[in-house]
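*Asks:* Mind looking at a prediction? Sequence and model below.
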Amino acid sequence: MFNLVPAYRGTGARVAYVASDFRELRVKLPLSWRSRNVVGTIFGGSLYGAVDPVYMLLLMKNLGPEFIVWDKAASIRFRKPGRTTLYATFRIDEAELDAIRAATADGQSVDRIYNVDLVDADGVPHASIEKVVYIKRK
C-alpha cells in the first residue's frame, strides 16, 4: 500500500520488497520521466525522497505504539549521477531494537543514526544518505 501514497509515488520510487516482520525493505528507483532532471539523470529530490521515510516506518512497526518515532535530521551525499535504476536495502535487526529499548527504558529519548546507499545493479553507490531518528517511549 505504501506505493500508493501520493507523496511517495511522486518520487518515482517503488517499494519492491517488505519482509513479513518489517525488518527489511527494498526500494527501487528507476530513471524515468517521473524521476529525470533537466540533465537527464535522477533528480536529487527523488534520490532523497525514495529513502526518506523508510527507517522511521520500519522502527514504528517494530517498536509498536508505545514508542514515539520521528525523523529528526538527514544528509545526502551525491556520489555519482544516477543514469540507471538504483536500489536501496534497509535492515533493522533484533540487536538494534534491543539497544533502543534499553536506551529508552528510563524514559529518556535517543537519537539513532542510520545509513543507506542508493546503488546501481553492480552495487556502485550513487548516493549515500544518513538519517537521524528520534525515539522515545510514550
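*Replies:* On my side now, so go ahead. Numbers count the residues shown, from 1 in each chain.

*Asks:* Which residue ranges of this structure form strands?
*Replies:* With DSSP state E, the ranges of strands along the chain come out as 14-18, 24-29, 67-78, 86-91, 110-119, 125-137.

*Asks:* Which stretch among those strands approaches Leu59 most closely?
*Replies:* Proximity to Leu59 (CB to CB) singles out strand 67-78 among the strands of the chain, at 4.8 Å. Just so you know, the C-beta spots here come from the backbone N, C-alpha and C atoms, and that holds for glycine as well.

*Asks:* quick check: angle from that closest one to strand 125-137?
*Replies:* Strand 67-78 runs at 160 degrees relative to strand 125-137, counting by axes from the mean of the first three to the mean of the last three CA atoms, to 10 degrees.

*Asks:* Gln108: neighbour count?
*Replies:* As a burial measure, Gln108 scores 9 neighbours (other CB atoms under 10 Å).

*Asks:* Hmm, Thr11 and Gly45 touching each other?
*Replies:* Yes. Using CB atoms under 8 Å, Gly45 makes contact with Thr11 at a distance of 7.3 Å.

*Asks:* Give me the more crowded residue out of the two.
*Replies:* Taking neighbours as other CB under 10 Å, Gly45 and Thr11 compare with Thr11 leading, 21 against 15.

*Asks:* just to revisit the earlier point, which stretch among the strands of the chain comes nearest Ala50?
*Replies:* Per CB to CB, nearest to Ala50 of those: strand 24-29, 4.5 Å.

*Asks:* who does that closest one touch, helix- and strand-wise?
*Replies:* Here strand 24-29 touches strand 14-18, helix 44-51, helix 54-63, strand 86-91, going by 3 or more CB pairs under 8 Å, 6 or more residues apart in numbering; DSSP states H and E.

*Asks:* buried ones in it?
*Replies:* Buried residues in strand 24-29, counted by 16 or more other CB atoms under 10 Å: 25-27, 29.

*Asks:* Just the CA trace of that strand, in CSV.
*Replies:* Taking Å, rounded to 0.1, in the frame of the first residue of the first chain, the C-alpha atoms of strand 24-29 are listed here in CSV:
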residue,chain,number,x,y,z
GLU,A,24,13.9,-5.5,5.8
LEU,A,25,12.6,-3.3,3.0
ARG,A,26,14.0,-2.8,-0.5
VAL,A,27,13.4,0.2,-2.7
LYS,A,28,13.8,0.5,-6.5
LEU,A,29,14.2,3.9,-8.1
